[in-house]
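Asker: My questions concern the predicted model and sequence given below.
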Amino acid sequence: MKEVYIEQDPNKQLQNCYSRKHPECNCKVLSQRLLFIFNNPPDTLADIARESQINYQTLVSHWKLKAIPLLREVAIKVGYESN
């Protein structure tokens, strides 16, 4: 399963993708909290920003510009095909 790859993050690729001052909000953590397959109901970026004391807009930018493209790359790598 593809979610296993995110959980294990064998190359630490997801864990190493984080906003400059906030390694605790890396791509792996955000994926686990924001995606339905891990967390039902998923958390919101606003919740995560508030809990982590990170500027909301910084977190949104990181998610959209870094994390989502990386997740797409990982998904393709593990065999996901978009239609």
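Answerer: Good, I have the coordinates. Computed from a predicted structure; not experimentally measured.
Asker: make it CA atoms for all contacts and neighbour counts henceforth
Answerer: Fine.
Asker: what is the mean pLDDT for the longest helix anywhere in the chain?
Answerer: Ranked by number of residues, the top helix in the chain under DSSP state H is helix 68-77. pLDDT averaged over helix 68-77 equals 89, rounded to a whole number.
Asker: Buried residues, it. List them.
Answerer: 70-71, 74-75 (16 or more other Cα atoms under 10 Å).
Asker: would you list those in CSV and tack on distance to residue 17?
Answerer: Below are those laid out as CSV (distance: Cα to Cα, whole Å):
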residue, distance to residue 17
70, 8
71, 10
74, 12
75, 15
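Asker: Tell me the one among those nearest to residue 28.
Answerer: Using Cα to Cα, residue 71 comes nearest to residue 28 of the buried residues of helix 68-77, at 9.1 Å.
Asker: helices or strands up against the longest helix of the chain?
Answerer: Contact here means 3 or more Cα pairs under 8 Å, 6 or more residues apart in numbering; DSSP states H and E; on that basis helix 68-77 packs against no helix or strand.
Asker: Could you rerun that using 10 Å?
Answerer: Counting contacts by 3 or more Cα pairs under 10 Å, 6 or more residues apart in numbering; DSSP states H and E, helix 68-77 is packed against helix 2-8, helix 27-34.
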